[in-house]
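**Q** quick check, what structure comes out for this input:
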Amino acid sequence: MSFVTKEGKMFRRLARLLARILLRIFTRWEVRGLENLPQGGPLIVAINHLGHLDAPLVVATLPWPVEAIALADLYRVPVTGQLLRLYGAIPVHRDRFDRQVIRRALQVLAEGRALVLAPEARMSRTGALERARHGAAYLALRSGVPILPVALTGTERAYAEWKRLRRPRLTVTIGKPFTLPPYQSRGAARREQLAKATDEIMHRIAALLPPEYRGVYG
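**A** Numbering: from 1, shown residues only. Here you go, the predicted structure:
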């Protein structure tokens, strides 16, 4: 069952087209690793999170529609919240485990679609990778779907560059898809497996980034 309305699907197509046009006009947008893109879902697209342009940049770059997870706090922000509702993003609360979000995300993957999320679950305060949470790894282990690591640079400086009337350089680097081992352990062993899987995802993203962006995964 799709959670996206007919109007939402139309909005997504328009949003992707508009994002591509605006990025080409107002930024120096570079995409690397297009040869690593699979044909489509089911897929978890794991990104680093630097700024508010990350989501539009990923939506514009990928050749197929994607589902997205967004912090519930953003739904209370004027304009941003309305855009997220129109897009049909899945709201998640930062500091609590939400079974409904997990079920909805797993349903998206079971239907063969692609899901974009940032394992760090917040924008980096330093511009480099910070310690990630286990949400992306949990979904990947539960579903068994491939993970596509995608690294972003430049979005953290975009607004400052525009204020100087400069076009910021934004890069999207797409890595090779990979899968995690089956989710079979229990108790402490399961927690250890989840931690290792999270580190694996983040190190894959880090490998696509310049050294100064790798942070705790450098």
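
**Q** please make it C-alpha for all contacts and neighbour counts, starting now.
**A** Noted.

**Q** what ranges do the helices span in this protein?
**A** In the chain, helices defined by DSSP state H lie at 6-26, 54-61, 80-87, 99-110, 135-143, 158-163, 187-206, listed in chain order.

**Q** turn those helices into JSON lines, columns for distance to residue 36.
**A** Shown next, in JSON lines, are the helices of the chain (distance: least, CA to CA, whole Å):
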{"stretch": "helix 6-26", "distance to residue 36": "20"}
{"stretch": "helix 54-61", "distance to residue 36": "13"}
{"stretch": "helix 80-87", "distance to residue 36": "26"}
{"stretch": "helix 99-110", "distance to residue 36": "20"}
{"stretch": "helix 135-143", "distance to residue 36": "19"}
{"stretch": "helix 158-163", "distance to residue 36": "26"}
{"stretch": "helix 187-206", "distance to residue 36": "13"}
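
**Q** now tell me which helix or strand of the chain has the poorest mean pLDDT.
**A** helix 80-87 (a mean of 80; mean pLDDT, DSSP states H and E).

**Q** output it in CSV with nothing but the alpha carbons.
**A** Written as CSV, here are the backbone C-alpha positions of helix 80-87 (Å, rounded to 0.1, in the frame of the first residue of the first chain):
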residue,chain,number,x,y,z
THR,A,80,9.3,23.4,5.2
GLY,A,81,6.6,21.5,7.1
GLN,A,82,4.1,22.0,4.3
LEU,A,83,6.6,20.9,1.7
LEU,A,84,7.4,17.7,3.7
ARG,A,85,3.7,16.9,3.9
LEU,A,86,3.2,17.4,0.2
TYR,A,87,6.1,15.2,-0.5
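
**Q** tell me how far residue 126 lies from residue 201.
**A** 20 Å (CA to CA, to the nearest Å).

**Q** over to residue 100?
**A** 24 Å.

**Q** show me which of the two is the more surrounded one.
**A** residue 201 (24 against 11; other CA atoms under 10 Å).

**Q** what residues are up against the more buried one?
**A** 46, 137, 147, 149 (CA atoms under 8 Å, 6 or more residues apart in numbering).

**Q** go through these and flag which are in strands.
**A** 46, 147, 149 (DSSP state E).

**Q** between these, which is nearest residue 33?
**A** Among the ones in strands among the contacts of residue 201, residue 149 lies closest to residue 33 (CA to CA), at 10.7 Å.

**Q** number of nearby residues for the closest one?
**A** So residue 149, with other CA under 10 Å, has 25 neighbours.
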